[in-house]
Each structure stands twice: as structure tokens, then as C-alpha cells.
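Student: Build me a structure from this.
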Amino acid sequence: TLFGEMLRRGTILDATLALYARTERMAQESPDRAPPVRCGPGVARTLVKRAHAAGIPIAAGTDFTTPEGAPPALFQELEELHEQAGLSIVEALRSATVVGAQALGIEADYGTIAEGKVADLLILDANPTADLENLERALYVVKGGRVVRDR
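Tutor: As a prediction, this is how the structure comes out:
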């Protein structure tokens with residue numbers, strides 16, 4: 001019933017699965033310092049997997065940052081979506097691009113590569129659809145059409 005209503009209303013699910021995985025790791029490493037958990041990673045992964053199977057658009061979301069030099073939290077979220085929630089690599093990448101832009105209501109200007117859209121790009125030296133770890137192989141970062149970081 002819930003997923004049917006979400007589809008009817010055009011709801012996009014912001015999964016934040018990496019947060020659940022992070023909380024689980026924190027609890028294993030320091031049980032006395034672990035934050036309270038209302039919904040464990042297994043339940044969250046199952047819900048996202050079922051929502052995806054029902055056709056609910058899934059947006060890649062994170063609610064934490066990572067230390068400087070570590071891969072961005074978003075990369076962890078994409079891995080969770082692919083490995084734990086059953087999204088293909090392409091679907092996981094779309095969850096961070098086109099679906100993310102749709103969730104924010106900015107898809108007219110962001111989320112896909114098209115003439116007239118804002119050029120925010122991560123240029124890689126390896127194909128991320130072959131392996132999500134290739135997202136860490138950045139050659140250039142382009143923001144607003146300008147290179148802001150190169151290798």
C-alpha cells in the first residue's frame with residue numbers, strides 16, 4: 001500500500017543507506033559510544049530494495065561527511081545502493097545524478113549532460129559503470145563549466 005501511494009504521488013525515496021552501515025560499524029567498533037538505532041541496516045536495506053523493485057525512484061543521499069582524503073560519503077552510498085539494495089551500477093549512478101536533481105526540483109538545469117544545462121562534472125580515467133571504485137579515479141572536477149580541480 002505504501003509503495004503504491006508513493007508511486008501515485010511521484011515520491012522519491014532518499015535512502016541514506018550508507019548512514020545505517022556507518023552506524024552499524026560504529027556500534028561494532030565502540031559499543032559504548034554508538035548512537036541509538038531505531039532502524040537497523042538490514043531493515044533499511046530491505047525497505048530500499050523493495051521500494052526499488054516496486055519502481056520507486058531512489059535518490060542517493062548521505063547524512064554525514066568523511067575525513068579529508070577519504071572517499072566522499074556519496075561513494076559509500078552508491079556502493080550500498082548497488083551491493084545491498086539491488087540497484088545496478090547505472091541505476092546507482094542515476095540515483096546521484098538525475099534522480100537527485102529531480103528530488104531537488106532542479107532537473108531542468110542539473111542531473112544530466114545536455115546543452116544549456118550547468119556543467120558540473122566528474123571526469124574519470126576509468127569507467128564507473130564497470131566498477132564504482134573507479135569514481136575515485138578523478139582526472140578533473142568541473143563546476144559550473146570551469147575546471148576547479150585537476151589531477
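
Student: Spatially central, which residue of the protein would that be?
Tutor: A60 (2.6 Å; CA atoms, centre = their mean).

Student: give the contact list for that one.
Tutor: Taking CB atoms under 8 Å, 6 or more residues apart in numbering as the criterion, A60 is in contact with A15, L74, E77, L78, L81, A92, S95, A96, V99, G100. Any C-beta I mention is one placed from the backbone N, CA and C, and that applies to glycine too.

Student: Which of those residues fall in helices?
Tutor: When the contacts of A60 are checked against helices using DSSP state H, the ones located there are L74, E77, L78, L81, A92, S95, A96, V99, G100.

Student: between those residues, which is nearest G10?
Tutor: Looking at these and their distance to G10, the nearest is V99, at 11.9 Å (CB to CB).

Student: Show me what the helix or strand hosting R25 packs onto, helices and strands only.
Tutor: Using DSSP states H and E, R25 falls within helix 17-29. Where contact means 3 or more CB pairs under 8 Å, 6 or more residues apart in numbering; DSSP states H and E, helix 17-29 is packed against helix 41-53, helix 73-83.

Student: you'd agree R149 is in a helix?
Tutor: No: the assignment for R149 by DSSP: H, G, I helix; E, B strand; the rest coil gives strand, which leaves it out of any helix.

Student: Give the bridge partners for the nearest residue to it once chain neighbours are set aside, please.
Tutor: Take R149 and drop its neighbours on the chain: the residue closest to it by CB to CB, 6 or more residues apart in numbering is V141, 4.2 Å away. Beta-bridge pairing of V141, defined through DSSP bridges, involves L122, R149.

Student: CA atoms only for the helix-or-strand element of the chain with minimal mean pLDDT, dumped as CSV, please.
Tutor: None of the helices or strands of the chain scores lower by mean pLDDT, DSSP states H and E than helix 17-29, at a mean of 83. What follows is the C-alpha trace of helix 17-29 in CSV, where atoms were taken according to Å, rounded to 0.1, in the frame of the first residue of the first chain:
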residue,chain,number,x,y,z
LEU,A,17,21.8,3.5,3.4
ALA,A,18,25.5,4.4,4.0
LEU,A,19,24.4,6.1,7.2
TYR,A,20,23.0,2.9,8.5
ALA,A,21,26.1,1.0,7.5
ARG,A,22,28.3,3.6,9.2
THR,A,23,26.2,3.5,12.4
GLU,A,24,26.5,-0.3,12.4
ARG,A,25,30.3,-0.1,12.1
MET,A,26,30.4,2.5,14.9
ALA,A,27,28.4,0.2,17.2
GLN,A,28,30.8,-2.7,16.4
GLU,A,29,33.9,-0.6,17.0
